[in-house]
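# quick one, fold the following:
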Amino acid sequence: MTTQAQSIASRIMTFTPSKEEFKDFNRYIAYMESQGAHKAGMAKIIPPKGWKPRRTYDDIDDLVIPAPIQQVVTGQSGLFTQYNIQKKPMTVYEFRKTSNMDKFCNPRYVDFDELERKFWKNLTFNPPLYGADVSGTLYDPDVTEWNIGCLNTILDTVEKESEIKIKSVNTPYLNFGMWKSAFAWHTEDMDLYSINYLHFGEPKSWYVVPPEHGKRLERLAKGFFPGNAQSCEAFLRHKMTLISPSILKKYGIPFEKVTQEAGQFIVTFPYGYHAGFNHGYNCAESTNFATQRWIDYGKQATLCSCRQDVVKISMDVFVRKFQPNRYKLWKAGKDNAPIDHNKITPEPTECPKEDKTEPTKNIPSEVESEEPTAPVQENARFGFTVNTKIFLLHLVQILLTNCGSSCNNVFHLCVIISDKGKIEPKKEKDTRPQSKSQSKASAKKTSNRRSPSKKEKNGDSAAGVCPPEPVESQVVAALCCEGGGSSVEPQLGSSCSPAQKLFQRTLSPADVLHVHSYAKGDYSEGEVLPKEEKKNEKSEDETERDRPVNKTVKEPPPVEEGGLEGENWAKPLAHLWQSRPPNLKKEKEYNQRMGSKPPYCSICMLFHTYQQTECAKSIDSPVMVPGGRMRTKPLIPEMCFTTTTEMDSECEQQPETPHLEEDGTSLLITCSQCSIRVHASCYGVAPANVSKDWKCARCKANAMTENCCLCLLRGGALQKANNNKWVHVLCAVAVLEARFVNITERSPVDLSGIPLQRFKLKCYYCKKRMKKASGCCVQCSHGRCPTAYHPTCAQAAGVLMQPDEWPFVVHVTCCRHKGPTQIERNKAAMHELTVGQKVICKHKNGRYYQCDVVQLSKETFYEVNFDDGSFSDNLFPEDIVSQDCAQLGPPPQGEVVQVRWTDGLVYGAKFVAAHVIQMYLVEFEDGSQLTTKRDDVYTLDEELPKRVKSRLSKASDMRFDGIFEEKEIIQESKRQRVINSRYRGDYIEPVIYRAIME
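All right, here's what the predicted structure looks like:
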């Protein structure tokens, strides 16, 4: 009755039910789990011979796909980000015709393995269309077996009781695919089950990570996309992240794959991360469902925190109905036992009775289609809604292409402008009472298991802003490209690889935007030179976080030759400009001065402003070691040294962070000749090789008159480049195309990939003091902002630079795009709280309410570094299972320990330190309790930040009527929107916009 799919090593099971077994959907799902199918996270079901859900598919050509999306993918080396751009409606006939064009049809292949290789190799080229989330079903009304529109699971039971439907969650929807259309790594909404039936067409390939290893995939994704992880704890729910199987294999993430043929079902199980792609034109039908086993997953599902339209299902009805003995414990926030992924669904004793009324919309023979009343809501499943008109200009930079003189067509770009959310805005992470015990600190979050690239421990407290103005219209921009246009895209250096070309930044503000309509078949194969797209425009909340605590350095007005010395930041550099005669004494004094204050390392100075702004609370004191030396944690993630390295072999083992101690610190070493101070890890020196007479590479080569060829300043740590010149390590990290040939030794530096256009950029600060452009600049990362800086000038002037999203390295924020300084909370004025005191705190539903302090306690948290490079600093002593910490106390620093994580699995780690934190147990009016830190609590007489005021509610708001916590937005009359001053230079006036449209 059941066979193993593909090979013995594969755990994805294939089931072939008989006609009798096929009649009872719920009972057969229970049977599948009794056979262990759920352990793989996915199973394939082949229906009985002769079963068909629809008699014929010849009559669906006129079915309208209301919002097809174009999937634009950026990335390289197995790590990609997928952007979904909504296109104009088209019929199934038009979609099929487009998918069968030579441009879109699948290539020739011998077997599925060859096709898979071609998919991952060509993923970033020729974006396909995907007819996704079309509400409706293709089942004939008289089909009762495995009818996706009427599965009669417990999800349907509660839906009938509450009379609430959520499109594509408890209603069926259709997906029309073509070659290379893909779905990114994700679990279902609320970690539900899903069922997918392939009606007709080419096969569909699936990848799945077993639920017991889901946390490992999350940690890997957070390591490669740290910015996304900071913005939203559940950023994989945005369905924008594609990770190739070779990367999963390289980092030891277990996964399986299976191919679904037409006429076959695929069922995914709760918390089974899955992704996949279509082999060609096909049509599938899907929906979500639930069993009693899902309830535990739903209670602990981590939800997207950065979007208003995320699907949320209140678990109250499910727990009350199916787990009545645990209801009170769950309401008190204390039902947080680890999920048993091996548990099976009990065979149902009774199945929900089917209503006489037709449960879902059916598309009969005469074919009808549902108009999208809320396209933004539907397409939010694909993680692509925007909230400002200016985003029109920023989004399409991914599609920049050189049209050539023959291009005279009108191209269209359709972008949904939504009031429902942003592209991954940073939100304050919820303090959810989901830890092992509610009396313990609920601050234990999986987000703390971050990549080594974030071991500087960015601060968690995000300063908030007022909600954005609503934008409630759909905008279609038509850009006309006349033949013979004079604008020419800058060409890349001849040594750039295709992957490097894809990620080359826009280097001229005069570049013309060419946008193509992929549905029309008009394509140009010109060179692509997009601006660093990554997060497009940072959200309001993000810019709030990117503000220095100290006074913001204002950009000076244009100055005359030598006028910069009058600026405060430039005064210490007066004798270091390369235009002046070398002064080794002044250079040594400067190096000594920089090495005597945080961050102590001349290379880590790159992110010093960001460290002051974001991580002031997590700046660690230096660790003194014998001999009077110091160790501190480097600010520059290892990713910044490895990202620019060509990955010729994806299966080659990724080098570990070199020369780091077990606690994440690195030895600070000082050159005996020029006095530069660097981390051994940042400069690529083995601590064992360092003595009092140690010299840096430049001094060792006796090249004292050599300067950095990428900037105009002396001083700092230099390494030799491959062109017999020298370069600051700081500059090599900041410039995207610079590459460290030997990662461990941080030298030599290959500069051949830097395009000539980058050397033509003029630094904002020194362009007036130098008659001719010199050096190599980096640009502001916001949109198409042309502001450019030498990395050393930007660092000295206090320009905000921070680690960027892979595959980029440094995110630069010029003063124009830096928001007003947020008033920081006065830590000294934060008095200790007393029992019985009324305070304001964040409820588990994400809003703030008044509550009472009911208990004070001091909690001990352990900090460890996991074997995979991630870390956690809020473990409970009982989480250490290799020794009895309650009796013996904390382990010695550096000792190898075994940690039981929230998923119930045990991971290897090294102990770092123990921290004692004052905790407060607060109780809300609904009886729920929450243990939190002082930083997350506000007194009644304290001035609340805007982000707290905007979410402050009365207790009566906490009582919900329905189980689906969806807010109905009452559309009011539109009011005039005021453009943020930071974007006025980019804003297109309506008059100009209408002229373009005409």
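# quick check: phi and psi at residue 686.
Main-chain torsions, residue 686, degrees, to the nearest 10: phi -70, psi 130.
# can you tell me which residues contact it?
658, 659, 680 (CB atoms under 8 Å, 6 or more residues apart in numbering). For glycine as for every other residue, the C-beta is placed from the backbone atoms N, C-alpha and C.
# show me the residues you listed that map onto helices.
Of the contacts of residue 686, the ones assigned to helices by DSSP state H are residue 680.
# take the contacts of residue 686 and lay them out in JSON lines including neighbour count, pLDDT and distance to residue 315.
Output for the contacts of residue 686, formatted as JSON lines (neighbours: other CB atoms under 10 Å; pLDDT from 0 to 100; distance: CB to CB, whole Å):
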{"residue": "658", "neighbour count": "18", "pLDDT": "71", "distance to residue 315": "47"}
{"residue": "659", "neighbour count": "21", "pLDDT": "78", "distance to residue 315": "48"}
{"residue": "680", "neighbour count": "24", "pLDDT": "92", "distance to residue 315": "51"}
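# now distance to residue 892 too, for the contacts of residue 686, in a markdown table please.
A markdown table is the format used below for these (distance: CB to CB, whole Å):
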| residue | distance to residue 892 |
| --- | --- |
| 658 | 24 |
| 659 | 22 |
| 680 | 24 |
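# tell me the one of the contacts of residue 686 nearest residue 754?
residue 658 (24.8 Å; CB to CB).
# from memory that closest one sits against residue 685, does it?
No. Look at residue 658 against residue 685 with CB atoms under 8 Å: they stay out of range, at 9.2 Å.
# what's opposite residue 913 in the beta bridge?
When assigned by DSSP bridges, residue 913 has beta-bridge partners residue 863.
# the nearest residue to residue 575 once chain neighbours are set aside: how many residues sit nearby?
Excluding the flanking residues, the one nearest residue 575 by CB to CB, 6 or more residues apart in numbering is residue 586, at 3.8 Å. Applying other CB atoms under 10 Å, we find 17 residues neighbouring residue 586.
# kindly report the same for residue 83.
21.
# which element, helix or strand, includes it?
strand 79-86 (DSSP states H and E).
# what mean pLDDT does that strand have?
Computed over strand 79-86, the mean pLDDT rounds to 92.
# who are the packing partners of that strand?
strand 69-76, strand 241-243, helix 375-379, strand 410-416 (3 or more CB pairs under 8 Å, 6 or more residues apart in numbering; DSSP states H and E).
# could you rerun that using 6 Å?
Using 3 or more CB pairs under 6 Å, 6 or more residues apart in numbering; DSSP states H and E, the elements in contact with strand 79-86 are strand 69-76.
# strands paired with the strand it packs on, and their directions?
Applying DSSP bridges to the sheet, strand 69-76 is found paired with strand 79-86 (antiparallel), strand 129-135 (antiparallel).
# ok, which of those comes nearest residue 245?
Closest among the strands paired with strand 69-76, using CB to CB: strand 79-86, at 12.2 Å.
# please export the C-alpha coordinates of the closest one as PDB.
The C-alpha trace of strand 79-86 is given here as PDB (Å, rounded to 0.1, in the frame of the first residue of the first chain):
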ATOM      1  CA  LEU A  79      21.400  32.100  -2.300                       C
ATOM      2  CA  PHE A  80      18.700  34.100  -3.900                       C
ATOM      3  CA  THR A  81      16.000  36.600  -3.200                       C
ATOM      4  CA  GLN A  82      12.700  36.400  -5.200                       C
ATOM      5  CA  TYR A  83      10.700  39.600  -5.900                       C
ATOM      6  CA  ASN A  84       7.100  39.200  -7.300                       C
ATOM      7  CA  ILE A  85       5.800  42.000  -9.500                       C
ATOM      8  CA  GLN A  86       2.100  42.000 -10.300                       C
END
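# right, and the helix or strand after it?
Assigned by DSSP H and E, the successor of strand 79-86 is strand 90-91.
# got the angle for the following helix or strand past that following strand vs strand 129-135?
On the C-terminal side of strand 90-91, the closest following helix or strand by DSSP H and E is helix 92-99. Helix 92-99 runs at 160 degrees relative to strand 129-135, counting by axes from the mean of the first three to the mean of the last three CA atoms, to 10 degrees.
# orientation of the next helix or strand after helix 92-99 relative to strand 79-86 in degrees?
Counting by DSSP H and E, the next helix or strand C-terminal to helix 92-99 is helix 112-121. If you take the same axes, to 10 degrees, helix 112-121 sits at 80 degrees to strand 79-86.
# which residues touch stretch 886-902?
With CB atoms under 6 Å, 6 or more residues apart in numbering as the contact definition, stretch 886-902 has outside contacts at 662, 877, 879, 880, 881, 882, 906, 907, 909, 910, 911, 914.
# which of these count as buried?
Using 16 or more other CB atoms under 10 Å as the burial test, those include 877, 879, 880, 882, 907, 909, 910, 911, 914 as buried.
# report the two of these separated the most.
The widest separation within the buried ones among the contacts of stretch 886-902 (CB to CB) is 18.6 Å, between 907 and 914.
# okay, the strands paired with strand 69-76, which one's buried deepest?
Across the strands paired with strand 69-76, averaging neighbours per residue (mean count of other CB atoms under 10 Å) puts strand 129-135 on top, at a mean of 25.
# pLDDT (mean, whole number) over that strand?
For strand 129-135, mean pLDDT is 91.
# which stretches in the stretch 101-250 of the chain count as strands?
Per DSSP state E, counting those that start in this stretch, the stretch 101-250 of the chain carries strands over the ranges 129-135, 173-177, 182-186, 193-201, 204-209, 241-243.
# including distance to residue 603, could these go into JSON lines?
Rendered in JSON lines, the data for the strands of the stretch 101-250 of the chain read as follows (distance: least, CB to CB, whole Å):
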{"stretch": "strand 129-135", "distance to residue 603": "44"}
{"stretch": "strand 173-177", "distance to residue 603": "47"}
{"stretch": "strand 182-186", "distance to residue 603": "34"}
{"stretch": "strand 193-201", "distance to residue 603": "47"}
{"stretch": "strand 204-209", "distance to residue 603": "37"}
{"stretch": "strand 241-243", "distance to residue 603": "30"}
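# nearest to residue 328, out of the ones you listed?
Using CB to CB as the criterion, the shortest distance between residue 328 and these is 27.3 Å, found for strand 193-201.
# tell me what the closest one is packed against?
strand 265-268, strand 282-289.
# alright, that wraps it up for me.
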